[in-house]
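Below are the sequence and a predicted model for it; my questions follow.
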Amino acid sequence: MIASASRRPADAGRWAASLQIRKGYVMSFAKRWLLVLIVINIGTSILHYVDNILFFHTYPEPQWINPQIIDAFWFVMTPFAVLGYVLYSKGLRRHSYLCLYLYGLMSLLVLGHYRYGSMWEMSMKINLLIFIEAIAAVALIAYTLWLQLRAEESYKA
């Protein structure tokens with residue numbers, strides 16, 4: 001006897017429950033990748049900000065800035081990424097796009113280090129941390145734009 005031929009909808013429901021997949025639980029492709037990009041962005045910003053705070057004297061910074069300001073800015077910036085994801089998950093797309101764009105742009109402020117010093121004056125580690133955070137931010141901004149354009153296309157259809 002072939003198992004798949006005798007499987008009824010109730011069997012499929014039990015099978016799905018055994019995998020702990022419940023109705024509405026499975027993440028969409030777009031939402032999953034948004035979460036991945038947000039986690040990458042927050043991870044790269046943690047790496048850079050912790051290094052910037054611990055090795056503050058090695059970073060080219062304006063005279064008025066100190067590690068406490070850098071630390072505070074991270075705590076202002078990061079909730080925008082989390083809120084953007086939560087709003088996207090709840091279907092509040094326009095608000096989520098705004099939060100994600102703001103987070104991405106604030107994250108790109110990392111490039112401001114090059115306003116106060118040449119990349120050749122900074123260590124390879126500092127340049128790498130700046131580079132990966134900036135690339136992650138650009139990827140998040142581009143993906144958010146793709147989500148927004150895709151949503152607008154589906155509204156037109």
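Structure received.

which stretches of this structure form helices?
For the chain, the helices defined by DSSP state H cover 3-6, 9-18, 29-54, 67-89, 93-108, 113-116, 124-156.

Now render the ones you listed as TSV, adding distance to Glu61.
In this view, the C-beta of every residue, glycine as well, is placed from N, C-alpha and C. Compiled in TSV, those are given as follows (distance: least, CB to CB, whole Å):
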stretch	distance to Glu61
helix 3-6	64
helix 9-18	54
helix 29-54	8
helix 67-89	8
helix 93-108	17
helix 113-116	6
helix 124-156	11
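
and Pro60, which of the ones you listed is closest to it?
For Pro60, the closest of those is helix 113-116, at 3.9 Å, according to CB to CB.

how distant is that closest one from the center of its chain?
Relative to its parent chain, helix 113-116 has a centroid offset of 24 Å by CA atoms, centre = their mean, to the nearest Å.

Also stretch 51-62?
Counting by CA atoms, centre = their mean, stretch 51-62 comes out at 24 Å from the chain centroid.

now stretch 57-69
25 Å.

give me the number of residues near Leu129?
When neighbours are defined as other CB atoms under 10 Å, Leu129 has 23 of them.

Test for you: state the pLDDT assigned to Asp71.
We have a pLDDT of 87 for Asp71.

separation between the residue nearest to it when sequence neighbours are not counted and Ile65?
Nearest residue to Asp71, sequence neighbours excluded (CB to CB, 6 or more residues apart in numbering): Ile53, at 6.0 Å. Separation of Ile53 from Ile65 (CB to CB, to the nearest Å): 11 Å.

Am I right that Phe80 is in contact with Cys99?
Yes: counting by CB atoms under 8 Å, Phe80 touches Cys99, with 4.8 Å between them.
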